[in-house]
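**Student:** 3D, please:
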Amino acid sequence: MTMIPSYGLDASSWWEDVNNSPLWQDRIFHVLVALYGVVAVVALIQLVRIQLRVPEFGWTTQKVFHFLNFLVNGVRSLVFIFRREVQNLYPEIIKHILLDMPSLAFFTTYALLVLFWAEIYYQARAVSTDGLRPSFFTINAVVYAVQISMWLILWWRPIHIIIIFSKMFFSGVSLFAAFGFLLYGGRLFLMLKRFPVESKGRSKKLQEVGYVTTICFSCFLVRCIMMCFNAFDRAADLDLLNHPVLNYIYYMVVEILPSSLVLFILRKLPPKRGITQYHLIR
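**Tutor:** Residues are numbered from 1 along each chain as shown. Now for the predicted structure:
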């Protein structure tokens with residue numbers, strides 16, 4: 001009798017064995033805790049370095065960006081450290097808040113880049129930018145207000161359809177962020193590309209904008225797609241305890257890896273006072 005290889009069954013068995021193993025659960029989440037902790041520390045160090053370099057400028061966009069990165073990654077690390085306690089929290093709405101709030105803050109963090117690029121683009125074209133910052137705050141206020149409203153509804157009466165709507169809402173927010181990076185990152189990239197080749201710093205700034213646009217667009221697009229699956233497919237549920245492998249892949253792709261790469265690309269300190277050299281984030 002010819003034996004038929006069962007590669008699919010073996011792969012499925014391996015996936016289930018890892019997901020159901022407390023030992024592997026601990027190992028995977030310990031790795032996530034360490035990675036988030038490292039990114040948080042790097043963001044904090046960069047914030048301190050910038051503050052020491054230009055203390056007179058107060059809370060610039062660059063400082064806020066690094067502070068929010070520190071906050072998002074630090075909270076994520078704490079959530080994964082106390083994952084079992086978080087999973088068993090009652091009422092369940094507290095668990096949703098602890099998992100969703102860092103994602104909202106992540107959106108706000110990287111929306112700052114879109115805002116800054118939009119300001120540079122319109123200023124270069126001699127177009128007024130007075131409405132950009134109010135629009136940024138309005139969009140963020142609407143996103144947070146809608147999400148908080150859904151949390152309150154879930155607290156009052158846990159309805160499955162509201163959970164689905166909440167996930168689809170955040171999927172839409174992620175798609176909106178991806179579109180923002182593609183629109184303004186792409187516009188700024190094309191604008192820099194038209195600068196004379198001999199322009200000082202042109203090549204480096206072109207690479208910065210191109211890399212950051214590609215990374216952030218990809219990360220928010222993947223988050224959008226994954227949240228759609230998460231809303232309707234139980235196998236794609238980002239359960240803190242039962243799907244550690246999926247959690248590892250998801251958070252590596254949509255948060256840890258993008259944050260690490262962007263922090264590395266934007267690692268250069270701002271110029272000292274009196275120097276007006278262009279920087280990606282001021």
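**Student:** from here on, contacts and neighbour counts on C-alpha atoms
**Tutor:** OK.
**Student:** Any figure for the gap between the residue nearest the centre of the chain and Leu182?
**Tutor:** Centroid-nearest residue in the chain: Phe106, 4.1 Å away (criterion: Cα atoms, centre = their mean). Distance from Phe106 to Leu182, counting by Cα to Cα, to the nearest Å: 17 Å.
**Student:** Also Thr129?
**Tutor:** From Thr129 across to Leu182, the span is 19 Å (Cα to Cα).
**Student:** quick one: which of the two has more around it?
**Tutor:** Neighbours were counted for Thr129 and for Leu182 using other Cα atoms under 10 Å; Leu182 has more, 18 against 14.
**Student:** Identify the residues contacting the more buried one.
**Tutor:** By Cα atoms under 8 Å, 6 or more residues apart in numbering, the residues touching Leu182 are 213-214, 217.
**Student:** Now neighbour count and secondary structure too, for those, in TSV please.
**Tutor:** Shown next, in TSV, are the contacts of Leu182 (neighbours: other Cα atoms under 10 Å; DSSP: H, G, I helix; E, B strand; the rest coil):
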residue	neighbour count	secondary structure
Thr213	25	helix
Thr214	16	helix
Phe217	24	helix
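**Student:** any idea which of the residues you listed is the one closest to Glu92?
**Tutor:** Phe217 (31.8 Å; Cα to Cα).
**Student:** quick one: pLDDT of the closest one?
**Tutor:** pLDDT recorded at Phe217 is 95.
**Student:** ok, it touching Leu183?
**Tutor:** No. The pair formed by Phe217 and Leu183 falls short of the contact definition of Cα atoms under 8 Å, at 9.9 Å.
**Student:** So what's the residue count around the nearest residue to Ile225 once chain neighbours are set aside?
**Tutor:** In this structure, Ile225 finds its nearest non-sequential neighbour in Ser171, 7.0 Å apart by Cα to Cα, 6 or more residues apart in numbering. If you count neighbours by other Cα under 10 Å, Ser171 ends up with 24.
**Student:** how about the residue nearest to the centre of the chain, what does it touch?
**Tutor:** Residues near Phe106 by Cα under 8 Å, 6+ apart: 68-69, 72.
**Student:** ranking those by neighbours, who comes first?
**Tutor:** Among the contacts of Phe106, the one with the most neighbours (other Cα under 10 Å) is Asn69, at 27 neighbours.
**Student:** Helices of the stretch 1-150 of the chain, start to end?
**Tutor:** 7-19, 22-53, 61-81, 83-87, 93-124, 132-156 (DSSP state H, counting those that start in this stretch).
**Student:** Would you mark the buried spots in the shortest one?
**Tutor:** In this case it means helix 83-87. 83, 86-87 (16 or more other Cα atoms under 10 Å).
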